[in-house]
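No sequence on hand, only this structure:
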């Protein structure tokens, strides 16, 4: 029997994340994002519903201008203000026992030595429930916030990411041997010097001596998420990711992307099934089709299509506010995210898509409208396409997740499409059956690699 789907709550420490304008719903509490209690309450609800992850998106800069400036983002709350999810993660860990906590952090925003230390500390505090979504930052404003003139070219960002993960792998996997932390009160030996190593990384962008300042955490390396769908992004995921967040327009498109990424994963020397693919979807649930359709119309009245365009344009690195709506996307040149253009061509396969298509499709893409039984039918189709998890996009918090938990998950459990109870252990053990990365993962080559390096 196929494995149940995994479920992740896709959130951001901001008011307007994906379905822009939905925060205006009277029941929505997205505007409480500054409240720690708001996030603790959501995490507890998700754990009660047996979600696998709370997955925090994040940005470190504004998206590129819309119609010449950044007023639109401020006016509509498009990911500004936006708070750092890593700061609140330990509080969520202290109020839950099994929920995985996935944090997005860019290679741009933090030096790998300090990032590795923070993640290891959090993995200890959570008893092994941390995941890291590896991103390369796609907005020019983010790069200027960190002192650069503008965004680095797409493929060069992934070359940077390869060195970044190389450094943290060395720290997490190679700096400390197992059981190096002795803590023997009788002898007074706290740790075994011969089993702790400096890494002496000397690369194009980083020089890190080490050692890692944190003893091995339950997972050592956090569960590794990645979201790139461009050819370069898929190759990076094939080498590094354990879970990949995808936003394919149809199950057939997902199947093609998954099959290609699995091929690349095998070519990288890993097991083809080492990656679990999480499809981003939102849900409008009704006790009848008519009720679901009515609720979908009410949601559409709240959504601001111009903010949807501004968000999508920001990801492209191009101000679409100055383009005619009938402009073919093939006429747009960008160093931003390539996955948006790939997604759009998959969604409109019979002709060259336009800016108008982007506006109309983004607001409804990945939305499933129907009764719990109809939604279960659709999710079975995604699972049959190779999708192993669903990243549940919210219209309102906590309403979208409460409704999904109360009405959809019971049907999914009856069909074997959702777990009824958590399995024990770390988040990686729950996802893969093991606490540590397999020997075929590139990080594993650093286990024991530094024992002979002179101190």
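Sure thing, it's come through. None of the values given here were measured: they were computed from a predicted structure.

from memory residue 395 sits against residue 22, does it?
Yes - taking contacts as C-beta atoms under 8 Å, residue 395 lies within contact range of residue 22: 4.2 Å. For the C-beta atoms, the positions are set from N, CA and C on the backbone; glycine is no exception.

what is in contact with those two at once?
Common contact partners of residue 395 and residue 22 (C-beta atoms under 8 Å, 6 or more residues apart in numbering): 28, 299.

Could you identify the helix or strand that succeeds the helix or strand hosting residue 37?
Under the criterion DSSP states H and E, the helix or strand holding residue 37 is helix 36-48. Along the chain past helix 36-48, the next helix or strand (assigned with DSSP H and E) turns out to be strand 53-57.

one step back: now tell me what touches the helix holding residue 37 from outside.
Residues external to helix 36-48 that are found in contact with it (C-beta under 8 Å, 6+ apart): 9, 11, 13, 29, 32-33, 54, 88, 91-92, 95-99, 101, 397-398, 401-402, 405.

Narrow those residues to those that are buried.
9, 11, 13, 29, 32-33, 54, 88, 92, 96, 98-99, 101, 397-398, 401-402, 405 (16 or more other C-beta atoms under 10 Å).

Can you classify the closest residue to residue 440 other than its chain neighbours as helix, strand or coil?
If you skip the residues right next to it in sequence, residue 440 has residue 270 as its closest partner in space, 4.7 Å away by C-beta to C-beta, 6 or more residues apart in numbering. Classification of residue 270 into helix, strand or coil gives coil, according to DSSP: H, G, I helix; E, B strand; the rest coil.

Correct me if wrong: residue 270 contacts residue 441.
Yes - the pair residue 270 and residue 441 qualifies as a contact (C-beta under 8 Å) at a distance of 6.6 Å.

what are the bridge partners for the residue nearest the centre of the chain, then?
With distances taken as C-alpha atoms, centre = their mean, residue 133 lies nearest the centre of the chain, 4.6 Å away. Note on residue 133: beta-bridge partners by DSSP bridges are residue 104, residue 225.

For it, give me its contacts.
Contacts here follow C-beta under 8 Å, 6+ apart; on that basis residue 133 touches 55-57, 102-105, 225-227, 245.

Do a quick rundown of the helices in the stretch 301-450 of the chain.
Along the stretch 301-450 of the chain, the segments classed as helices by DSSP state H, counting those that start in this stretch run 305-316, 339-347, 355-364, 372-384, 399-403, 409-414, 427-432.

Can you add distance to residue 292 and mean pLDDT and give the ones you listed back as a markdown table?
Written out in a markdown table, the entries for these read as follows (distance: least, C-beta to C-beta, whole Å; pLDDT from 0 to 100):
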| stretch | distance to residue 292 | mean pLDDT |
| --- | --- | --- |
| helix 305-316 | 21 | 78 |
| helix 339-347 | 22 | 69 |
| helix 355-364 | 14 | 71 |
| helix 372-384 | 8 | 98 |
| helix 399-403 | 11 | 98 |
| helix 409-414 | 14 | 98 |
| helix 427-432 | 31 | 98 |
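
Figure out which of these is closest to residue 115.
When these are ranked by proximity to residue 115, the top entry is helix 427-432, at 18.2 Å, counting by C-beta to C-beta.

Report how many residues lie close to residue 247.
If you count neighbours by other C-beta atoms under 10 Å, residue 247 ends up with 24.

actually residue 414, not the one I wrote
Using other C-beta under 10 Å, residue 414 has 12 neighbouring residues.

which residues touch the closest residue to residue 267 other than its chain neighbours?
With C-beta to C-beta, 6+ apart as the measure, residue 238 is the residue that lies nearest to residue 267, at 7.2 Å, once sequence neighbours are left out. Residues in contact with residue 238, defined by C-beta under 8 Å, 6+ apart, are 261, 264-265, 267-268, 270, 275.

Quick check, pLDDT for residue 238.
On the pLDDT scale, residue 238 is placed at 96.

can you give me the strands for this structure?
Shown for the chain, the strands assigned by DSSP state E span residues 6-12, 53-57, 100-106, 130-135, 181-184, 189-191, 201-202, 207-208, 223-226, 243-246, 276-285, 367-370, 389-393.

Can I get those strands in CSV including mean pLDDT?
Formatted as CSV, the strands of the chain follow (pLDDT from 0 to 100):
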stretch, mean pLDDT
strand 6-12, 98
strand 53-57, 98
strand 100-106, 98
strand 130-135, 97
strand 181-184, 97
strand 189-191, 98
strand 201-202, 98
strand 207-208, 98
strand 223-226, 97
strand 243-246, 96
strand 276-285, 97
strand 367-370, 97
strand 389-393, 98
